[in-house]
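**Student:** predicted structure and sequence below. I'll ask about it afterward.
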Amino acid sequence: MMRFAAGDEGSFRQLFSGYNKKVINFCFRFCADRAQAEDLAQEVFLRVFRAGKKYRPEARFSTWLFKIATNVCINSARDRKRRPKTVSMDRPLSHDDDGPQVDIADARITADEEIAEKQRQKRIREAIRRLPEKQRAALLLRVDREFSYQEISNQLRCPVNTVRTLIRRGRIRLVEILDED
């Protein structure tokens, strides 16, 4: 990032290729829509590109990048709440979209086990999507990205104890949501 800030545009391509998939996956876990996640990731990298000259290495690059990603995701979620839902009449409704394919580590997994795992992953994604935005962001940054409480605190602009509370309450609420179903 420092080379890009100094004017080396090839460095941005390297950053993009190294982090694009990670940012898309983070955004997907936040919004549960692959196309929207790709759009959000594009917005994240556009903001990184625009901020290139102003970048100061006060934290790890990944911390700074995922702070931008978190803010973009939270803003998008807020915008979606304000917009009325529209459905295209030209596009048929699909109810069997299971999202991304689950990597199967053991080739001996049966078809029933694979289906059960996909259903479990889908339930978890839906439950995470039902969490309040700050809880969802804190939980995803901690569990998915393995950020420290301090890094999450910096990204969400709140005290570390608030981050701990958000994560604890998010986990409790997640269990409650999964138990409801």
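**Tutor:** Structure's in. What do you need? Just so you know, these numbers come straight off a predicted model, no measurement behind them.
**Student:** quickly find the element holding residue 120.
**Tutor:** Here residue 120, judged by DSSP states H and E, is contained in helix 111-129.
**Student:** what's the spacing between the helix or strand harbouring residue 62 and its chain's center?
**Tutor:** Here residue 62 sits within helix 61-82, counting by DSSP H and E. Relative to the chain's own centre, helix 61-82 is displaced by 8 Å; criterion: Cα atoms, centre = their mean, to the nearest Å.
**Student:** how about stretch 168-181?
**Tutor:** Using Cα atoms, centre = their mean, the mean C-alpha position of stretch 168-181 is found 19 Å from that of the whole chain.
**Student:** also stretch 56-70?
**Tutor:** Centroid separation between stretch 56-70 and its chain, computed with Cα atoms, centre = their mean, is 14 Å.
**Student:** domains of the protein?
**Tutor:** Structurally, the chain divides into domains by automatic domain parsing as follows: 1-81, 110-181.
**Student:** give me the buried positions along the helix holding residue 120.
**Tutor:** By 16 or more other Cβ atoms under 10 Å, the buried positions in helix 111-129 come out as 125, 127-128. C-betas here are computed from N, CA, C, even on glycine.
**Student:** picking up where we left off before, can you put the domains of the chain in CSV and add mean pLDDT?
**Tutor:** Shown next, in CSV, are those (pLDDT from 0 to 100):
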stretch, mean pLDDT
domain 1-81, 86
domain 110-181, 89
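**Student:** and the helix holding residue 62, what does it pack against?
**Tutor:** In terms of contacts (3 or more Cβ pairs under 8 Å, 6 or more residues apart in numbering; DSSP states H and E), helix 61-82 is packed against helix 9-31, helix 34-50, helix 133-143, helix 149-156.
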